[in-house]
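In: This is a predicted model, with the sequence first.
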Amino acid sequence: MIGIEAAPFTTTLVGAPHTLETVMAHMEYCIEVMGIDHVAFGPDTLFGDHVGLYQHFGAHLSSGDEADHLPVDHVAGLENPSEFPNVLRWLVAHGYTDEQIGKLAGGNIIRALRDVWV
């Protein structure tokens, strides 16, 4: 199972502004590679300075092999947890079914936890 992040610099395209569109492109790539039953959202957005938090973590966890991303202070369209409905709107606008949206918005995680814990 992979949880698609939306924290700045995690799911973007090199040289592109980090937006809802780049996060969703990452999600669609993961679905193509793994199948929709193994993908979910775990946006990891916060209210406040989440870039500072990730820079702090990155200083301690970095492999040292990082791409050259454009600096941003938030992901446009997913700045904080209150903007998660933008993900759902995007999925609806791009033809995902209610069943598929349910899987991506938490159903896959619940299924995986039941499989592991039961």
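Out: Happy to help now that I have it.

In: what are the pairing partners of the helix or strand harbouring Ala40, and which direction each?
Out: Assigned by DSSP states H and E, Ala40 falls within strand 39-41. In the sheet, strand 39-41 lines up against strand 2-4 (parallel) (DSSP bridges).

In: Toward the C-terminus, what is the element adjacent to the strand it pairs with?
Out: Following strand 2-4 in sequence, per DSSP H and E, is helix 20-34.

In: Give me the contacts around that following helix.
Out: Residues from elsewhere that reach helix 20-34 (CB atoms under 8 Å, 6 or more residues apart in numbering): 2, 4-6, 11-13, 16, 38-39, 41, 75-78, 86-87, 90, 94, 104. In this view, the C-beta of every residue, glycine as well, is placed from N, C-alpha and C.

In: List the buried residues for the helix or strand harbouring Ile110?
Out: Element membership for Ile110 (DSSP H and E) is helix 108-117. Using 16 or more other CB atoms under 10 Å as the test for burial, helix 108-117 gives Asn108, Ile109.

In: tell me what it is packed against?
Out: Packing partners of helix 108-117 (3 or more CB pairs under 8 Å, 6 or more residues apart in numbering; DSSP states H and E): strand 39-41.

In: Name the residues that touch the strand it packs on?
Out: Residues contacting strand 39-41 (CB under 8 Å, 6+ apart): 1-4, 6, 27, 30-31, 84, 87, 103-109.

In: And the buried ones among the residues you listed, selectable in PyMOL?
Out: Buried subset of these, written as a PyMOL selection, criterion 16+ other CB under 10 Å:
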select buried, resi 2+4+6+27+30+31+87+103+104+108+109
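
In: returning to that earlier point: can I have the helix holding Ile110 written out in CSV, keeping just the CAs?
Out: The C-alpha coordinates for helix 108-117 follow below in CSV (Å, rounded to 0.1, in the frame of the first residue of the first chain):
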residue,chain,number,x,y,z
ASN,A,108,-8.0,0.6,0.7
ILE,A,109,-6.3,1.5,4.0
ILE,A,110,-9.2,0.1,6.0
ARG,A,111,-9.1,-3.1,3.9
ALA,A,112,-5.3,-3.4,4.4
LEU,A,113,-5.6,-2.9,8.2
ARG,A,114,-8.3,-5.5,8.5
ASP,A,115,-6.2,-7.9,6.5
VAL,A,116,-3.2,-7.3,8.8
TRP,A,117,-4.9,-7.0,12.1
